[in-house]
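**Q** The sequence isn't on hand, but the structure is:
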């Protein structure tokens with residue numbers, strides 16, 4: 001099991017479309033992935049769970065990943081939140 005964190009830098013936070021993108025990315029991996037905000041953890045492959053976190057700009061998301069491709073999954077999800085989501089202007 002590996003874990004790591006990313007800071008939400010998108011000014012609109014993780015809104016529904018970005019939550020969908022995060023879930024889509026997570027489902028590409030075999031590993032079990034949990035994402036947490038303020039101690040509340042949800043399945044990163046669940047759109048309702050991810051959207052329900054209410055991750056606003058500045059929130060820290062913690063990913064816990066367990067499985068065969070855990071290192072790749074963690075690196076990809078952290079990059080997605082830290083870099084790709086930050087580029088969006090909507």
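**A** Yes, it's here. The structure presented is a predicted model; accordingly, all values stated were derived computationally and were not measured.
**Q** Tell me how confident the model is about the helix or strand residue 77 falls within, as a mean pLDDT.
**A** Residue 77 belongs to helix 70-79 when assigned by DSSP states H and E. For helix 70-79, the mean per-residue pLDDT is 98.
**Q** Please enumerate the strands of this structure.
**A** In the chain, the strands defined using DSSP state E lie at 2-7, 32-37, 40-43, 60-66.
**Q** As TSV, the ones you listed with mean pLDDT, mean neighbour count and distance to residue 79 would be great.
**A** All C-beta atoms are positioned from the backbone trio N, CA, C, and that covers glycine. TSV is the format used below for these (pLDDT from 0 to 100; neighbours: other CB atoms under 10 Å; distance: least, CB to CB, whole Å):
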stretch	mean pLDDT	mean neighbour count	distance to residue 79
strand 2-7	98	15	8
strand 32-37	98	20	14
strand 40-43	98	14	20
strand 60-66	98	19	11
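**Q** Make TSV from those and add distance to residue 75 to it.
**A** Output for the strands of the chain, formatted as TSV (distance: least, CB to CB, whole Å):
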stretch	distance to residue 75
strand 2-7	8
strand 32-37	12
strand 40-43	19
strand 60-66	10
